[in-house]
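In: need a structure here:
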Amino acid sequence: AALSKYEQIMKLDISFVEKLELIIQDKSDMINEVALSHFNEQALDDKALNQIFQEAIREKAMVIYNNFIKLGKKEGAIDKDIPTEAIMSYFMMFMSIFQHSDFLATTSDYKMGMMKLFLYGLIQRS
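Out: The predicted structure follows:
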């Protein structure tokens with residue numbers, strides 16, 4: 001469901017940055033919702049279930065991420081000199097953090113801060 005929502009966002013006739021903001025907000029809402037659910041506690045403790053879930057969405061997510069990176073490079077929002085493979089590794093690194101039970105137990109301010117670091121880095125641009 002989340003992946004198809006992101007596919008729909010990708011099709012909107014808005015800038016890359018606006019798409020990114022929609023995805024950030026949706027991801028933040030989804031993380032908060034999962035963090036509050038009872039299913040979350042049991043599912044995250046079940047390593048086999050967690051691995052199956054990760055493998056099932058990884059392939060489709062990779063296609064969406066790749067298309068998102070291409071769009072960001074085309075619009076100049078992502079540095080064209082950074083190899084797509086490096087950006088994909090960066091995405092995967094952060095995705096593993098976002099799905100960890102310790103992360104899910106943090107405050108929404110912390111989660112939003114991590115999302116902003118993921119998407120915008122440390123250096124504030126003027």
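In: when you work out contacts or count neighbours from here on, use the C-alpha atoms and nothing else.
Out: Will do.
In: tell me how many other residues surround residue 16.
Out: 22 (other CA atoms under 10 Å).
In: again, but for residue 120
Out: 12.
In: find me the pLDDT at it, would you?
Out: Predicted confidence (pLDDT) at residue 120: the value is 81.
In: so what's it up against?
Out: By CA atoms under 8 Å, 6 or more residues apart in numbering, no residues touch residue 120.
In: can you tell me how far it is from residue 98?
Out: From residue 120 across to residue 98, the span is 16 Å (CA to CA, to the nearest Å).
In: also residue 69?
Out: Taking CA to CA, one finds residue 69 at 19 Å from residue 98.
In: the more surrounded of those two?
Out: Set residue 69 next to residue 98 and count neighbours by other CA under 10 Å: residue 69 wins out with 21 against 18.
In: wait, what's in contact with the more buried one?
Out: Counting by CA under 8 Å, 6+ apart, residue 69 makes contact with 78, 84, 87.
In: let's see that with 10 Å instead.
Out: 16, 63, 75, 77-80, 83-84, 87-88 (CA atoms under 10 Å, 6 or more residues apart in numbering).
In: what's the mean pLDDT across stretch 59-78?
Out: For stretch 59-78, the per-residue pLDDT averages 84.
In: just name the shakiest helix or strand of the chain by mean pLDDT.
Out: helix 38-45 (a mean of 57; mean pLDDT, DSSP states H and E).
In: ok, and the most crowded of the contacts of residue 69?
Out: Taking other CA under 10 Å as the neighbour criterion, residue 16 ranks highest of those with 22 neighbours.
In: that one touches residue 74, doesn't it?
Out: Yes - between residue 16 and residue 74 there is a contact at 9.2 Å, judged by CA atoms under 10 Å.
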